[in-house]
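Asks: after the sequence you'll find the predicted model.
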Amino acid sequence: MEPQFSLYNTLSRRKEVFEPLTEGRVGMYVCGPTVYGDPHLGHARPAVTFDLLFRYLRSLGYKVRYVRNITDVGHLEQDADEGEDKIAKKARLEQLEPMEVAHYYTERYRNAMTQLGVLSPSIEPHASGHIIEQIEFVKRILEEGFAYISNGSVYFDVEKYNQQHHYGCLSGRNLDDIVLGTRELDGQSDKHNSFDFALWKKASPEHIMRWPSPWSDGFPGWHMECSAMSTKYLGERFDIHGGGMDLMFPHHECEIAQSTAALGHDSARYWVHNNMITINGQKMGKSLGNFITLEELFTGSHKMLAQAYTPMTIRFFVLQAHYRSTLDFSNEALQAAEKGLDRLMKGIEALGKIKPAATSTVNPAELERRCAEAMADDLNSPMVISALFDWVRTINSAIEGKESFTAEDLEALKATIHRYAFEVLGLQDERTTATTGRDRVTPLVEMLLEERLKARAAKDWAASDRIRDGLAAAGIRVKDRKDGTDWELE
Ligand code: ZN
């Protein structure tokens with residue numbers, strides 16, 4: 001029997017029991033970054049959210065093809081028709097090839113994602129490498145009669161499409177509302193209606209990134225790459241399409257319109273959107289001075305930051321909120337996440353110190369059930385974390401001798417904690433992975449503790465205290481127990 005879980009589908013506006021189109025397999029497409037600037041806090045949430053979904057699907061035994069694109073053809077302002085190509089602008093300013101700019105920021109993005117524990121997707125297609133597929137897709141829409149050519153550009157005929165389908169089905173809008181929200185045409189435009197969007201845009205003479213097409217030397221419209229690349233790698237129908245809520249309109253709405261116009265149906269079965277991160281209650285934006293890159297977070301080099309935060313602290317902070325809830329960044333919230341993660345990791349480490357007993361006073365199956373139920377309920381990661389915290393308390397009680405486990409139950413508990421904390425939530429114990437962490441100093445500390453034991457055996461209390469104080473000065477706290485000595489990094 002297939003494992004069952006529910007996922008909130010933006011399209012139907014309700015939680016649905018997930019059913020893959022092909023048994024045992026899942027196709028998932030997520031809109032990736034536009035590579036003209038450093039990865040920032042806003043990138044962390046969709047990346048971690050869909051990494052959680054990717055990891056969870058795999059833990060259920062699905063074979064997942066996860067496609068996350070790289071937008072490198074030059075992302076345009078607003079509705080993709082007007083404004084400046086940001087990659088080309090940066091290239092001009094820094095006297096670089098546009099592809100140098102795109103490559104540089106793609107590397108920066110991948111690096112930051114690795115640090116956040118985000119797994120690499122199965123395929124990471126670049127928009128610039130799929131111009132032919134995009135042109136073919138535009139041709140199909142033209143053949144179906146839902147687009148028109150105007151002065152070398154191709155536009156999607158929203159009004160005509162809306163007569164047969166519902167433009168706005170994803171975001172819950174109607175064309176009338178959309179008409180009210182768009183500016184009047186200024187008479188210079190090639191478009192029939194202000195709400196029509198570009199499928200192909202003729203390049204102006206100064207536009208650097210351009211490709212030949214049947215209509216003009218130009219470049220694809222913003223929404224086209226996702227329709228073309230999802231179809232190429234996942235087929236005309238696939239399971240999950242994800243992205244941030246900010247992409248719902250117009251980007252995803254236009255993707256649905258493009259696919260429906262070309263293929264006769266929407267491609268994605270479940271549309272999944274993560275909510276946004278705000279900063280002290282405000283939207284993040286360059287003009288607001290609250291724009292924080294991931295590198296600034298990791299190093300603490302931004303005026304709004306009270307300290308540096310490790311990548312895992314950021315990941316834990318994101319996972320502590322349900323992906324559809326708002327998440328507000330503040331130093332207090334991140335400091336709380338840092339403390340919480342530390343407590344969780346210490347609890348997991350303490351698990352190794354429990355000695356098996358003849359009987360168990362608690363049943364670790366309770367943790368497995370709680371975690372499984374939470375994840376199956378639309379990826380409720382905060383509930384998983386709260387279950388893990390409850391069990392950290394139980395672990396600590398067991399160390400104090402107040403609870404006990406059989407060897408078998410202890411193994412089961414370790415396996416469950418490992419599965420949810422590390423495999424599904426994707427957390428890592430940075431205390432052991434950091435180069436300044438526990439692993440590096442362990443041999444040294446163990447040697448000093450041995451010397452201290454010898455000193456104590458010889459009743460040389462002065463030497464024993466000197467070693468303990470020396471370790472304390474290096475941030476290593478020594479704890480004497482009945483059955484030996486323990487230590488931890490502060
Ligand atoms: Zn997209």
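Replies: It's in.
Asks: quick one: the spatially closest residue to Gly221 that is not a sequence neighbour from Ala147, how far?
Replies: Distances taken as CB to CB, 6 or more residues apart in numbering place Ala198 nearest to Gly221, at 3.8 Å, with adjacent residues excluded. From N, CA and C alone the C-beta is placed, and that goes for glycine too. Ala198 sits 10 Å away from Ala147, going by CB to CB, to the nearest Å.
Asks: would you list the phi and psi of the residue nearest to Ser360 when sequence neighbours are not counted?
Replies: Distances taken as CB to CB, 6+ apart put Asp409 closest to Ser360, at 4.4 Å, once the chain neighbours are dropped. Main-chain torsions, Asp409, degrees, to the nearest 10: phi -60, psi -40.
Asks: ok, now Leu489?
Replies: Taking degrees, to the nearest 10 as the convention, Leu489 sits at phi -80, psi 140.
Asks: burial of it, as a residue count?
Replies: Counted with other CB atoms under 10 Å, residues neighbouring Leu489 total 15.
Asks: right, quick check: stretch 107-126 against the ion, any contact?
Replies: No - Stretch 107-126 stays out of contact with the ion when judged by CB under 5 Å from the ion, the minimum separation being 11.3 Å.
Asks: now that stretch: average pLDDT?
Replies: Taken as a whole, stretch 107-126 has an average pLDDT of 97.
Asks: can you pull out the strands in the stretch 51-200 of the chain?
Replies: In order along the chain, the stretch 51-200 of the chain carries the following strands (DSSP state E, counting those that start in this stretch): 63-68, 147-150, 153-156, 198-202.
Asks: quick revisit: need the overlap of contacts for Ala198 and Ala147.
Replies: Contact with both Ala198 and Ala147 is made by residues Val154, Tyr155, Phe156, according to CB atoms under 8 Å, 6 or more residues apart in numbering.
Asks: buried subset of those residues as a PyMOL selection?
Replies: Buried subset of the shared contacts of Ala198 and Ala147, written as a PyMOL selection, criterion 16 or more other CB atoms under 10 Å:
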select buried, resi 154+155+156
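Asks: could I get the shared contacts of Ala198 and Ala147 as JSON lines with distance to the ion and pLDDT?
Replies: JSON lines is the format used below for the shared contacts of Ala198 and Ala147 (distance: CB to the ion, whole Å; pLDDT from 0 to 100):
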{"residue": "Val154", "distance to the ion": "19", "pLDDT": "97"}
{"residue": "Tyr155", "distance to the ion": "19", "pLDDT": "97"}
{"residue": "Phe156", "distance to the ion": "15", "pLDDT": "97"}
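Asks: save the strands of the stretch 51-200 of the chain as a markdown table, and put in distance to Gly244 too.
Replies: Converted to a markdown table, the strands of the stretch 51-200 of the chain look like this (distance: least, CB to CB, whole Å):
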| stretch | distance to Gly244 |
| --- | --- |
| strand 63-68 | 13 |
| strand 147-150 | 27 |
| strand 153-156 | 22 |
| strand 198-202 | 22 |
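Asks: return the residues in contact with the residue nearest to Ser360.
Replies: Contacts were defined as CB under 8 Å, 6+ apart; by that measure Asp409 touches Ser360, Asn363, Pro364.
Asks: thinking again about what came up before, and the strands of the stretch 51-200 of the chain: which comes nearest Thr260?
Replies: Evaluated with CB to CB, these place strand 153-156 nearest to Thr260, the distance being 11.0 Å.
Asks: which secondary structure elements does that closest one contact?
Replies: helix 131-143, strand 147-150, strand 198-202, helix 253-263 (3 or more CB pairs under 8 Å, 6 or more residues apart in numbering; DSSP states H and E).
Asks: deepest of these, which one?
Replies: Burial of the helices and strands packed on strand 153-156 is given as mean neighbour count (mean count of other CB atoms under 10 Å); strand 198-202 ranks first at a mean of 26.
Asks: next, give phi and psi for Met276.
Replies: For Met276, the backbone dihedrals are phi -100, psi 170 (criterion: degrees, to the nearest 10).
Asks: number of residues surrounding it?
Replies: For Met276, the tally of surrounding residues (other CB under 10 Å) stands at 16.
Asks: out of the helices and strands packed on strand 153-156, flag the one nearest the ion.
Replies: Closest approach to the ion among these (CB to the ion): helix 253-263, 6.2 Å.
Asks: hmm, the closest one in reach of the ion?
Replies: No - counting by CB under 5 Å from the ion, the ion has no neighbours in helix 253-263; the shortest distance is 6.2 Å.
Asks: Thr293 and Pro39 touch, don't they?
Replies: Yes - with contact defined as CB atoms under 8 Å, Thr293 and Pro39 form a contacting pair (6.7 Å).
Asks: got a list of contacts for stretch 460-478?
Replies: Outside of stretch 460-478, the residues within contact range by CB under 8 Å, 6+ apart are 441, 445, 448-449, 451-452, 455-456, 485-490.
Asks: list the buried residues for it?
Replies: Under the neighbour-count rule (16+ other CB under 10 Å), stretch 460-478 has Ser464, Ile467, Arg468, Leu471, Ile476, Val478 buried.
Asks: and stretch 101-114, by the same measure?
Replies: Judged by neighbour count (16+ other CB under 10 Å), stretch 101-114 contains these buried residues: Val101, Ala102, His103, Tyr104, Tyr105, Thr106, Arg108, Tyr109, Arg110, Ala112, Met113.
Asks: again with stretch 179-198
Replies: Buried-residue list, stretch 179-198, by 16+ other CB under 10 Å: Ser189, Asp190, Lys191, Asn193, Ser194, Phe195, Asp196, Phe197, Ala198.
Asks: so for stretch 180-196, mean pLDDT?
Replies: For stretch 180-196, the mean per-residue pLDDT is 78.
Asks: now do the domain split for the protein, please.
Replies: The record's domain split for the chain, according to automatic domain parsing, is 6-274, 279-431, 437-489.
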